[in-house]
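**Student:** need a structure here:
(one chain, ligands or ions: 1)
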Amino acid sequence: MSGAGWDAVLAMRDGGAVPAGELGRLFGPLFAAPRGADGCVVVGRLAQTLDGRIATVSGSSQWIGGAGDILHTHRLRALCDAVLVGAGTVRADDPRLTTRECEGPNPVRVVLDPRRRLSVEYGVFRGGPPTLLVVAEDGPERHGAAEVVRVPMAGAELDLAAVLRMLAGRGLRRVFVEGGGVTVSRFLAAGCLDRLHVTVAPVLLGSGIPAFTLPEAARIADGLRFSWTVHDISPDVLLDIALDRARPGVCA
Ligand SMILES: NC(=O)c1ccc[n+]([C@@H]2O[C@H](COP(=O)([O-])OP(=O)(O)OC[C@H]3O[C@@H](n4cnc5c(N)ncnc54)[C@H](OP(=O)(O)O)[C@@H]3O)[C@@H](O)[C@H]2O)c1
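**Tutor:** Purely as a prediction, here's the structure:
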């Protein structure tokens, strides 16, 4: 991508100005004042095939995107205070969620596992940067090396506004929702996303785990329509979407 270098982008963490150029336009909005009452700026991200899949049916997703998408993901980790994933991603990928492909700090790792079904054997619970395990039920305060945080349910799902308030209360105000599809979709449905970064790779699977799942829309007009900025991360494209906490009409 053209424009300012990564150093100038990373300096925004320390109060630096938004640099000119493509990287500044892409990442600058993450440093805007929070819109949500929870006090967080939240960016969701997925890498999907042309037909909207983020993994095969068996859960294999490495790698849908190319090197540019992997670098982009690590840049988001470096710029955000917290990286958040759903239990399904930990189960399928056992990810480290650390910053390795670029300069920058590791974010605090946050795992949503309301019924505490993940064993302590996964890497995020065994050491490395701090991890918060978000659950809905009472129980022990530690899960391996992770701190357990209890957050109420809102109906059948975790109260994501409460999750964000909890993170903001710990000073974790720039939040990167890294996946998977269920988790990003629930943040979208709850009106909890400021930005959405979607990488589309030139791959057709014809089957697999969907990127976005929302309640059924009866008409095209019921869909959430937005504008996007397209960035070339050949061979993929990266779509930067300003959701500004919009909620799909079918979720109202
Ligand atoms: N291509 C990509 O960009 C990408 C990124 C990440 C992951 N992946 C792939 O995606 C797959 C996993 O994605 P996924 O969509 O199946 O699962 P996921 O989003 O990783 O995890 C979903 C699970 O997290 C818990 N959860 C998340 N949000 C919740 C909420 N608001 N309330 C309550 N529980 C919540 C629930 O756990 P319980 O059901 O246990 O209650 C839910 O079933 C894996 O195959 C992984 O490799 C791909």
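
**Student:** going forward, measure contacts between C-alpha atoms and count neighbours the same way
**Tutor:** Will do.

**Student:** quick check: residues of the stretch 101-250 of the chain near the ligand?
**Tutor:** Within the stretch 101-250 of the chain, the positions near the ligand by C-alpha under 6 Å from any ligand atom are 112-115, 157-158, 160, 178-183, 186.

**Student:** what are the buried residues along stretch 14-25?
**Tutor:** Of the residues in stretch 14-25, Val18, Pro19, Leu23, Gly24 count as buried by neighbour count, 16 or more other C-alpha atoms under 10 Å.

**Student:** over to stretch 84-99?
**Tutor:** For stretch 84-99, burial by neighbour count (16+ other C-alpha under 10 Å) applies to Leu84, Val85, Gly86, Ala87, Gly88, Thr89, Val90, Arg96, Leu97, Thr98, Thr99.

**Student:** for Asp81, give me its contacts.
**Tutor:** Applying C-alpha atoms under 8 Å, 6 or more residues apart in numbering, one finds that Asp81 lies in contact with Pro107, Val108, Leu172, Arg173, Arg174, Val175, Phe176.

**Student:** the last one: neighbour count?
**Tutor:** Read that as Phe176. Neighbours of Phe176 under the rule other C-alpha atoms under 10 Å: 29.

**Student:** is it fair to say it lies in a helix?
**Tutor:** No - Phe176 is assigned strand when assessed by DSSP: H, G, I helix; E, B strand; the rest coil, not a helix.

**Student:** ok, which stretches of the chain are helices?
**Tutor:** Taking DSSP state H as the criterion, the chain carries its helices at 6-10, 22-27, 67-79, 87-93, 160-169, 181-189.

**Student:** please put the alpha-carbon coordinates of the shortest one into CSV.
**Tutor:** Included here for helix 6-10 are C-alpha records, laid out as CSV according to Å, rounded to 0.1, in the frame of the first residue of the first chain:
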residue,chain,number,x,y,z
TRP,A,6,4.3,1.7,9.2
ASP,A,7,6.2,3.6,11.8
ALA,A,8,4.0,6.7,11.3
VAL,A,9,0.9,4.6,11.5
LEU,A,10,2.1,2.9,14.8
